[in-house]
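1. below are the sequence and a predicted model; questions follow.
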Amino acid sequence: MKLKISHHKLTDIINLKLGVYKPLIEFNSKDDFMEIVKNYKTKKKQFFPFPIYFDISSEVYRKVKKEKKLILYFKNTKVCVLKIKNFYKLNKFLIGKKIFKTNDKKHPGFKHFLNTNEYFIHAKIFDFNKKIMKKINFTNPNYIKNIILKKKIKTIAGFHTRNVPHKGHEWIHSFGLSKCDSLLVQPMIGQFRKNEYKDKFILKTNQYLINNVYKRKNVFFGLYNSYPKYGGPREALLHAIVRRNFGCSHFLIGRDHAGVKNYYKKYESQKICKKYEKYLGIKILTFNEPFLCNICKKIKNEKKHGCKKLSIKKISGTYIRSQILKKNLISKFMMRKEIFRMINKGSIIK
């Protein structure tokens, strides 16, 4: 049976096929799904924090349950063949609560999971069409690994973002470079939620910062083409594994990594990544959130303040996006003028 798939499913397939989600190489069985949710590992005892699943509708299930094969297409281009091993159902409400630590239907990750189709499939990817890679922006992990090997890089910190860069991000970049030889700035594209930045603006502003501001031979750019799961601490673990599979030796985890609104504690993602660090295969770099000092107009963090008087302005992508939507100017101490000029109200998903 032929089936057209979404961009989200396409990126999951590519990430599985190219080793971005190693040790996973196929869509989860029910046993693996449940074990990952309960114990952060597969049935084979391999550490993995977040289920990677493929859901299908009841209509598709009725048509494919005997054939057990799906030929997948994205925008009329063949992607691959999925050979189905098993079909299964889940109690999505209970499992979603376990994954996202909430049953609030306003939580975008929990809501998205509840809205998945009725059936899930345990399936392996065959006949992958490499030409599909030309349809989307994607960085092959081997490309980054070859750079690391060629340049004989010993330590490289991975930086995850889904934002246009502000001065707080620049502070984190600098912190990463103080701990490692090199830095990989790797935005995640595939946004779908209202009031987030559009992908093209995330890409061009981060590339501008690296190519026109930093101009350093030890700062590299790559993409993580996926979509936000808004899984907070659990998703932070996944992001660490992704950077390990891109060849990073270290991963930067800041305030409320992969969080949304106030569903997770400020440094909850840091704590869980430190807790499971020995299973991740990558070292975790943590830090207190940077802020703008109103006295000296420099970006600092709580551990290294320096000024006699404490007067701070918090910096966040959420705050900056809200100001852009109101057509307000952003202080040059919060965001570089040349980057601010590259964005406008139209750079945000409505």
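-> Noted; the coordinates are in hand. Residues are numbered from 1 along each chain as shown.

2. how far off centre is the strand ranked longest in the chain?
-> When the chain is parsed with DSSP state E, its longest strand is strand 77-88. Using CA atoms, centre = their mean, to the nearest Å, we find the averaged C-alpha position of strand 77-88 to lie 24 Å away from the chain's own average C-alpha position.

3. now do the helices in the stretch 101-250 of the chain.
-> For the stretch 101-250 of the chain, applying DSSP state H, counting those that start in this stretch gives helices covering 108-114, 141-150, 167-179, 199-208, 232-245.

4. now distance to residue 338, mean neighbour count and mean pLDDT too, for those helices, in JSON lines please.
-> Quick note: C-beta positions are derived from backbone N, CA and C, even for glycine. Below are the helices of the stretch 101-250 of the chain laid out as JSON lines (distance: least, CB to CB, whole Å; neighbours: other CB atoms under 10 Å; pLDDT from 0 to 100):
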{"stretch": "helix 108-114", "distance to residue 338": "32", "mean neighbour count": "19", "mean pLDDT": "97"}
{"stretch": "helix 141-150", "distance to residue 338": "26", "mean neighbour count": "15", "mean pLDDT": "98"}
{"stretch": "helix 167-179", "distance to residue 338": "13", "mean neighbour count": "20", "mean pLDDT": "98"}
{"stretch": "helix 199-208", "distance to residue 338": "7", "mean neighbour count": "18", "mean pLDDT": "96"}
{"stretch": "helix 232-245", "distance to residue 338": "28", "mean neighbour count": "24", "mean pLDDT": "98"}
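
5. returning to that earlier point: tell me what the longest strand of the chain is packed against?
-> With contacts defined as 3 or more CB pairs under 8 Å, 6 or more residues apart in numbering; DSSP states H and E, strand 77-88 has these neighbours: helix 7-17, helix 30-39, strand 69-74, strand 119-126.

6. per the record, what domains does the protein have?
-> Taking automatic domain parsing as the criterion, the chain consists of the domains 2-135, 141-347.

7. any idea which of these scores lowest on pLDDT?
-> When mean pLDDT is averaged over each of the domains of the chain, domain 141-347 scores lowest at a mean of 94.

8. now do that domain: distance from first to last residue.
-> Across its full length, domain 141-347 reaches 28 Å between end residues, using CA to CA, to the nearest Å.

9. same question for stretch 191-204.
-> Stretch 191-204 stretches 15 Å from its first residue to its last (CA to CA).

10. host element of residue 251?
-> Assigning secondary structure by DSSP states H and E places residue 251 in strand 250-253.

11. that strand: how far from the chain's middle?
-> In terms of CA atoms, centre = their mean, the gap separating the centre of strand 250-253 from the centre of its chain is 13 Å.

12. how about stretch 311-326?
-> With CA atoms, centre = their mean, you get 21 Å for stretch 311-326.

13. okay, buried residues for stretch 87-102 please.
-> 87, 90, 92, 95, 96, 97, 99, 100, 101, 102 (16 or more other CB atoms under 10 Å).
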